[in-house]
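S.K.: Quick check, what structure comes out for this input:
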Amino acid sequence: MKTRPFKQVDVFTDTPYLGNPLAVVLDGTGLSDEEMQHFAHWTNLSETAFLLPPSAEAAAAGADYQVRIFTTAYEMPFAGHPTLGSCHAWLEYGGAPKHPELIVQQCKVGLVRIRRSATQLAFAAPALTRSQPEPEAVARLAAALGLRREQVLAAQHLTNGPRHFGLLLSSADAVLQLEPDLAALRLWMIDAGISGVGMAAVAGASTGSGLIKRSNREARAFGFATPAAVDVAPSAQAQVEVRFFANDVMVNEDPVTGSFNAGLAQWLIAEGLAPSSYIAAQGTCLGRAGRVHIEQDASGQVWVGGESVTCIDGSVTL
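M.R.: Okay, here's the model as predicted:
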């Protein structure tokens with residue numbers, strides 16, 4: 001064991017303890033997979049990140065550092081809040097990117113670009129594979145979540161490293177008030193090979209809008225009824241309300257989920273279900289105030305951003 005620099009960072013917030021915490025071991029060299037996993041299990045956070053030098057191949061392609069991301073139970077190929085939190089910690093610790101406004105992170109999913117502005121970091125959403133699920137799978141999931149048929153407007157498989165499942169619901173109240181059967185939900189995720197299920201509602205829509213017309217067409221495809229009205233009143237300063245439940249025995253609901261928000265944004269924007277730029281709120285039901293900033297640039301690339309703050313700064317014996 002040796003003393004290693006360590007930070008605990010709160011991500012997707014500018015106020016400590018209102019976002020999603022991340023443990024960052026700033027020097028993971030020499031640690032085995034088993035040692036990383038054991039420490040991640042011990043922190044009992046949704047994710048723990050270990051920073052390493054990039055591989056020679058990745059460095060030649062422009063990578064500034066490498067990150068390995070572990071939940072309490074397994075390694076993730078990519079995750080959003082560890083991407084931004086690790087980059088924040090690396091820069092704060094003195095990391096010097098090859099490009100002053102663009103950091104390149106190596107992780108299991110490949111190279112991820114991260115933009116830097118005065119107050120925020122934003123990562124380029126990785127390539128997304130999505131598909132329409134079977135109506136029977138959606139119906140079983142809705143039952144596990146305690147949702148009525150008319151509350152589900154659309155659903156998609158969303159894979160951008162982790163395999164997520166997304167539901168578009170009829171209102172922010174539907175998102176915030178649902179009380180899932182966690183055992184049934186986890187069983188559904190295990191059976192489907194899904195790492196997490198997220199729900200979202202888009203604000204400012206009405207039954208006459210293009211957004212809801214489109215979602216209603218998708219709803220009919222799943223056998224769900226079209227709602228008579230859509231009443232969305234999400235958290236202040238946000239246009240989308242999000243919740244996410246992970247397939248993890250120690251972390252049920254995630255406070256803020258960058259990877260899911262990335263896939264969700266790519267799906268909703270591509271289908272005309274959300275504007276090309278918006279702010280998503282997540283963590284409301286957990287007493288958090290996470291804010292995820294989504295922007296699609298002129299090339300079509302979706303960027304997922306937010307602020308981060310360091311809450312613990314020191315060292316760890318590992």
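S.K.: so how far is residue 163 from the closest residue to residue 189 other than its chain neighbours?
M.R.: The shortest distance from residue 189 to any non-neighbouring residue, by CB to CB, 6 or more residues apart in numbering, is to residue 247 (4.2 Å). C-beta here means a position set from N, CA and C on the backbone, and glycine is covered the same way. Distance, residue 247 to residue 163, by CB to CB, to the nearest Å: 9 Å.
S.K.: My guess is the residue nearest to residue 189 contacts residue 186. True?
M.R.: Yes - look at residue 247 against residue 186 with CB atoms under 8 Å: they come within range, at 6.1 Å.
S.K.: which of the two has more neighbours?
M.R.: Per other CB atoms under 10 Å, whichever of residue 247 and residue 186 has more neighbours is residue 247, with 24 against 20.
S.K.: Contact partners for the more buried one?
M.R.: Counting by CB atoms under 8 Å, 6 or more residues apart in numbering, residue 247 makes contact with 186, 189, 190, 194, 195, 196.
S.K.: so where do the helices sit in this structure?
M.R.: With helices called from DSSP state H, the chain shows them at 33-43, 56-60, 80-92, 135-145, 172-177, 182-192, 210-221, 258-270.
S.K.: For the first one, list every residue counted as buried.
M.R.: In other words, helix 33-43. Neighbour-count burial for helix 33-43 flags 36, 37, 39, 40, 43 (criterion: 16 or more other CB atoms under 10 Å).
S.K.: Buried by neighbour count, from the contacts of residue 247: which ones?
M.R.: Looks like the contacts of residue 247 have 186, 189, 194, 195, 196 buried, using 16+ other CB under 10 Å.
S.K.: For the chain, which helix or strand comes out least confident on mean pLDDT?
M.R.: In the chain, the helix or strand scored least confidently by mean pLDDT, DSSP states H and E is helix 210-221, which has a mean of 46.
S.K.: Mind listing what's buried along stretch 67-76?
M.R.: Residues of stretch 67-76 classed as buried: 67, 68, 69, 70, 71, 72, 76 (neighbour count, 16+ other CB under 10 Å).
S.K.: Kindly report the same for stretch 124-142.
M.R.: Buried, per 16+ other CB under 10 Å, within stretch 124-142: 124, 125, 126, 128, 130, 133, 137, 138, 139, 140, 141, 142.
S.K.: okay, those in TSV with pLDDT and distance to residue 271 next?
M.R.: Listed next are those as TSV, based on pLDDT from 0 to 100; distance: CB to CB, whole Å:
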residue	pLDDT	distance to residue 271
124	97	20
125	96	15
126	94	19
128	97	12
130	97	10
133	97	15
137	96	19
138	97	16
139	96	21
140	97	23
141	97	19
142	97	20
